[in-house]
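Q: build me a model:
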Amino acid sequence: MKAISTHYLGATDRRGSRIVASDLDGNRVTIPYPHELSGEAVHRKAAQALCVKMQWTGALAGGATKRGYCFVFVDDGAVTRG
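A: Prediction:
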């Protein structure tokens, strides 16, 4: 199962605010902060951008962490049952 974590990067002198989405394999994407969204939707957009980049498909479920958000795939085919 693949997990995607996201976090906020504040604005600098050269760049505006951004959201970073990454997985434990080192795949990563950074998007400009989507000001038209708020809360989880901001982080979900970054997670979806990583999915597009990596050509991953499936529904994502997400929740807040201390650092940002974490998203996992919830499709029946992606879940390993033991």
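
Q: which residue is nearest the centroid of this protein?
A: Among the residues of the chain, the one closest to the centroid is Ala47, at 2.5 Å (Cα atoms, centre = their mean).

Q: quick one, phi psi at that one?
A: Dihedral pair for Ala47: phi -60, psi -40, per degrees, to the nearest 10.

Q: where does it land on pLDDT?
A: As predicted, Ala47 sits at a pLDDT of 97.

Q: now do Gln55
A: 92.

Q: any idea how far it lies from Ala3?
A: If you measure Gln55 against Ala3 using Cβ to Cβ, to the nearest Å, the figure is 17 Å. Quick note: C-beta positions are derived from backbone N, CA and C, even for glycine.

Q: the two: which has the busier surroundings?
A: Ala3 (12 against 6; other Cβ atoms under 10 Å).

Q: could I get the full set of helices for this structure?
A: 40-54 (DSSP state H).

Q: which intervals of it have sub-threshold pLDDT?
A: 1, 75-82 (pLDDT under 70).

Q: now the strands: where do they sit in it?
A: Along the chain, the segments classed as strands by DSSP state E run 3-9, 18-22, 28-32, 60-64, 68-73.

Q: same list (these) but as a markdown table, adding distance to Cys51.
A: As requested, those are exported to a markdown table (distance: least, Cβ to Cβ, whole Å):
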| stretch | distance to Cys51 |
| --- | --- |
| strand 3-9 | 8 |
| strand 18-22 | 9 |
| strand 28-32 | 9 |
| strand 60-64 | 7 |
| strand 68-73 | 9 |
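
Q: hmm, back to that, go ahead and confirm the residue nearest to the centre of the chain touches His7.
A: No. At 11.3 Å, Ala47 does not count as touching His7 under the criterion of Cβ atoms under 8 Å.

Q: list the contacts of the nearest residue to Ala64 once chain neighbours are set aside.
A: Of all residues not flanking Ala64 in the chain, Glu40 sits nearest, at 7.3 Å (Cβ to Cβ, 6 or more residues apart in numbering). Residues in contact with Glu40 (Cβ atoms under 8 Å, 6 or more residues apart in numbering) are Gly62, Ala64, Tyr69.

Q: next: Ser17.
A: Per Cβ under 8 Å, 6+ apart, neighbours of Ser17: Tyr8, Leu9, Gly10, Ala11, Pro32, Tyr33.
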